[in-house]
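# Just the structure for this:
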Amino acid sequence: MLLGLTIFCSTNFATSAEQTEDGDQTNLRRLFVLANLEFTLFHEFGHALIDELTLPVFGMEEDAADRIAVIAMLKERQGMPEKEIIPWLFAVAGDWYTEWELGQSQRSQPSYWDNHRLEIQRFHNVVCLVYGSGLNSLEELIDTEFLPFERAMNCDYEYRQAREAVEWALATHGNRGGEKPAGAEISVVYEQPSNPGNQLMLDWIRASAVADRLASRFSANFKLRRTIRIEFENCGSSPDAYWHHPTGTITVCYELLTHFLKMADHRLQNPGRACDIPTLRNYIGDGSRCPNAESDAIPEQDAGPAVKS
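Alright, predicted model coming up:
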């Protein structure tokens with residue numbers, strides 16, 4: 001029903017006319033999973049940096065980590081065409097909306113006490129930051145349910161504020177020239193998957209090299225005080241990711257990645273609302289994914305399960 005279906009193509013996973021529908025669907029699903037993995041890693045890196053470097057945080061740390069993640073993802077794609085930036089970032093927004101949408105049937109009321117924003121709020125925050133970064137092709141989102149006019153008018157300020165905070169952290173705690181202090185780096189460890197679904201996730205992670213690339217980038221860019229490990233683990237039924245200070249470890253459960261895959265499948269099966277906006281239709285790709293069907297309005301209450309801590 002929403003813009004998680006803007007996961008059309010990217011430099012690494014672009015589709016072509018020669019590919020089968022199954023191949024096309026696989027590329028879309030893989031892009032959705034890897035985009036949300038990248039967001040998750042940056043989010044947990046954000047927690048680690050706040051913790052390890054004692055960064056000042058005014059407000060909720062979860063909000064700060066989300067902003068760090070979105071700004072970092074945009075910086076990773078600086079200079080790329082918008083058609084390669086938008087699907088990647090909006091796959092993240094689409095996951096947050098789906099968490100909210102599906103959570104309605106699972107929760108009797110929102111967890112207002114939680115230190116995470118409601119999923120629908122995190123969805124709007126991502127959309128606002130991406131729009132505020134100055135992507136011209138997103139002007140058509142203004143005054144839609146994706147980006148209400150009142151919020152849109154402040155998004156450039158929200159983006160600039162978040163970007164300047166990240167740049168301050170780099171200037172204050174970054175390594176000039178990219179030199180890496182001895183003994184302080186980020187390593188990546190992959191536990192052997194316990195089932196075929198987890199094995200598929202590991203195959204996608206290794207082929208994309210997303211975790212190793214980001215680990216190398218953060219190791220070079222920040223003055224870390226100790227070695228930090230990213231561990232991909234079998235966590236049973238828990239779809240989670242978290243930073244653990246005592247061990248200096250960022251844990252990502254394979255189950256979280258298979259959860260992202262389920263969210264991707266839901267978005268692929270429910271593209272209706274994104275099809276109503278011409279800009280978003282351009283990123284859906286195959287016209288058959290835009291049926292002429294009306295969809296319900298964005299709900300006003302209840303929250304889905306928070307899966308990225």
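# isn't Ser187 right up against Arg226?
No: applying C-beta atoms under 8 Å as the test, Ser187 and Arg226 come out as separate, 11.4 Å apart. No exception for glycine: its C-beta is placed from N, CA and C like everyone else's.
# Those two: which is more packed in?
Legend: neighbour count by other C-beta atoms under 10 Å for Ser187 and Arg226, higher for Ser187 (13 against 9).
# what bridges to the residue lying closest to that one once chain neighbours are set aside?
Residue nearest to Ser187 in three dimensions, not counting chain neighbours: Arg229, with 5.3 Å by C-beta to C-beta, 6 or more residues apart in numbering. Counting by DSSP bridges, Arg229 forms beta bridges with Ser187, Thr249.
# Please enumerate the helices of this protein.
Ranges of helices in the chain, per DSSP state H, are 21-52, 61-76, 82-103, 119-132, 149-152, 155-173, 196-208, 210-221, 254-269, 278-284.
# Could you pull out the buried residues of the fourth one?
Burial within helix 119-132, assessed by neighbour count using 16 or more other C-beta atoms under 10 Å, is assigned to 119-120, 122-132.
# what do you get for the first one?
Of the residues in helix 21-52, those with enough neighbours to count as buried (16+ other C-beta under 10 Å) are 24-25, 27-50, 52.
# gap between it and the chain center?
Its chain's average C-alpha position is 5 Å from that of helix 21-52, according to C-alpha atoms, centre = their mean, to the nearest Å.
# So which elements touch that helix?
helix 61-76, helix 82-103, helix 196-208, helix 210-221, strand 228-233, strand 241-244, strand 249-253, helix 254-269 (3 or more C-beta pairs under 8 Å, 6 or more residues apart in numbering; DSSP states H and E).
# in this protein, which ranges drop under the pLDDT threshold?
1-22, 105-108, 177-183, 272-309 (pLDDT under 70).
# and with 80 instead?
Applying pLDDT under 80 to the chain flags residues 1-24, 103-110, 112-114, 176-184, 270-309.
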